[in-house]
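Chemist: Here you go, sequence then predicted model.
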Amino acid sequence: MIATWGRGASGAKSLTLNSHIDVVSWEEGADAWSVHPLAGEVRDDRIIGRGAVDAKGQIVAACMALLGLRDVGLEPEGTVMLMSVVDEEPGGNGTLAACLEGLSADAAIVLEPTGNHVAYGHRGIVDLRVTVQSAAGHGAVAGAAPGGAVVRAADIIPALSSVLHGWHAPQDAVYGPPSLNIGRIEGGEDIFSVPRRCTLDAGLRYAPGTGEAVLAAARDGLARAGVGWDEDSAPEVARVVSHYDAAETPPAHRLIQGLLGAAQRFAPGATLTTFPGGCDARHLVNRGGIPTAIFGAGELSSAHRADEAVPIAELVTTAQTLAWFIMEWAGCHRNGSPAA
């Protein structure tokens, strides 16, 4: 859904506020919550619930900013678009569809939890799947391969980890070095049989501008461990299952600096930073060609876990910052008298 507001005056700049309304699942592990995951309960000046910080709370802050401007009788000279999108978790297909359909704007802000700091880029992630096979057999037979394919898959993890050892790139100074997460190992049938097949899924995150080099290093590390690369005939093979690319807008860009100035009006400690997770900025920057910042209330560490929450005060600060930035970026004129 895209809601548009403003005069669209010639020469005035446009702005897109983008956030997603889909959330990660909550059913499994719901018993770990202190409230029902969909309760949206207010406690200790925080809103608790799935999506509170990632990212339904961010949509609320954007609406607060736009409604606040309207209520005091202001309207943008340019155009402000509020995008409420789906499938950000994990593919970003809502924003991607908008870009493919010709979305155009002078700038965009993707609303994600940054603690009201201004992020100018985010890392990418490659989803690698390693498949290994071994001879099947009875687990009680002497000489049977201990663990078979499962143990072999586990032995490959150090080969992937070695990719990160001694890695150096200029981008690491702000994004950190590449990181590896082994998200899943699946194989075997029961405790009586030697597993014949096992798959390992690994997420390899990288800084903008380093993706090809990180992937080449992973390929070399796996080759040293005897794992082929995208070879159908190989008994042990690694493939890229999916790739969520990195994105960056130069920190000196007027969008980034302007939003930082607005943020510091309401949170003097606001700084420039980078976003550790992926988000829809990649589509806006890489597919839409739109300079994009990442900004919002709360902390990413609260997302995807029990008792996800966002501080109400931070939502207010986000709304104030967005309203001020809209006035500066898109311009505002008085449309009648301020609301009483």
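Modeler: Nice, thanks for sending it over.
Chemist: Can you get me the centre-to-centre distance for the longest helix seen in the chain and its chain?
Modeler: The residue-count maximum for a helix in the chain (DSSP state H) belongs to helix 312-329. The chain centroid and the centroid of helix 312-329 are separated by 21 Å, computed with CA atoms, centre = their mean, to the nearest Å.
Chemist: could you measure R50 against D307, distance?
Modeler: Taking CB to CB, to the nearest Å as the criterion, R50 is separated from D307 by 10 Å. From N, CA and C alone the C-beta is placed, and that goes for glycine too.
Chemist: just checking, what packs against the worst-scoring helix or strand of the chain on mean pLDDT?
Modeler: Least confident helix or strand of the chain, by mean pLDDT, DSSP states H and E, is strand 137-138 with a mean of 78. In terms of contacts (3 or more CB pairs under 8 Å, 6 or more residues apart in numbering; DSSP states H and E), strand 137-138 is packed against strand 193-194.
Chemist: Paired strands for the strand it packs on, with orientation please.
Modeler: The strands that strand 193-194 pairs with in its sheet are strand 137-138 (antiparallel) (by DSSP bridges).
Chemist: before we move on, the earlier item: between R50 and D307, who's got more neighbours?
Modeler: Neighbour totals were compared for R50 and D307, and R50 leads with 25 against 17 (other CB atoms under 10 Å).
Chemist: okay, now the domains of this structure?
Modeler: Domain assignment for the chain, taken from automatic domain parsing, gives 2-121+246-334, 124-244.
Chemist: Report the mean confidence score over the longest one.
Modeler: When the per-residue pLDDT values of domain 2-121+246-334 are averaged, the result is 95.
Chemist: what's the span of it, first residue to last?
Modeler: 24 Å (CA to CA, to the nearest Å).
Chemist: part of a helix, is T131?
Modeler: No - judged by DSSP: H, G, I helix; E, B strand; the rest coil, T131 forms no part of a helix; its state is strand.
Chemist: How about it: what's its closest non-neighbour residue?
Modeler: T199 (5.0 Å; CB to CB, 6 or more residues apart in numbering).
Chemist: again with A52
Modeler: V310 is the one closest to A52 (CB to CB, 6+ apart), at 4.6 Å.
Chemist: Check A223 too.
Modeler: A223 sits nearest to W229 (CB to CB, 6+ apart), 7.0 Å away.
Chemist: about what we covered before: pick the most deeply packed of the domains of the chain.
Modeler: For these, average neighbour numbers computed from mean count of other CB atoms under 10 Å are highest in domain 2-121+246-334, which has a mean of 20.
Chemist: element containing A154, please.
Modeler: A154 belongs to helix 148-161 when assigned by DSSP states H and E.
Chemist: centre of the chain versus the helix or strand following the longest helix of the chain, how much separation?
Modeler: With elements assigned by DSSP H and E, the helix or strand that comes after helix 312-329 is strand 332-334. With CA atoms, centre = their mean as the basis, strand 332-334 stands 34 Å off its chain's centre.
Chemist: Check stretch 273-284 too.
Modeler: 5 Å.
Chemist: Report how far apart the opening and closing residues of it are.
Modeler: Start-to-end span of stretch 273-284 (CA to CA) is 19 Å.
Chemist: returning to that earlier point: what's next to the helix holding A154, contact-wise?
Modeler: 128, 130, 132-137, 145, 147, 180, 182, 185, 187-188, 194-200, 202, 204, 218, 221-222, 224-225, 227, 236 (CB atoms under 8 Å, 6 or more residues apart in numbering).
Chemist: Which of the residues you listed fall in strands?
Modeler: Under the assignment DSSP state E, the contacts of helix 148-161 contribute 128, 130, 132-133, 137, 180, 182, 185, 187, 194, 197-200, 202, 204 to strands.
Chemist: and the two most separated of those?
Modeler: The span of these, defined through CB to CB, is set by G137 and L204 at 33.0 Å.
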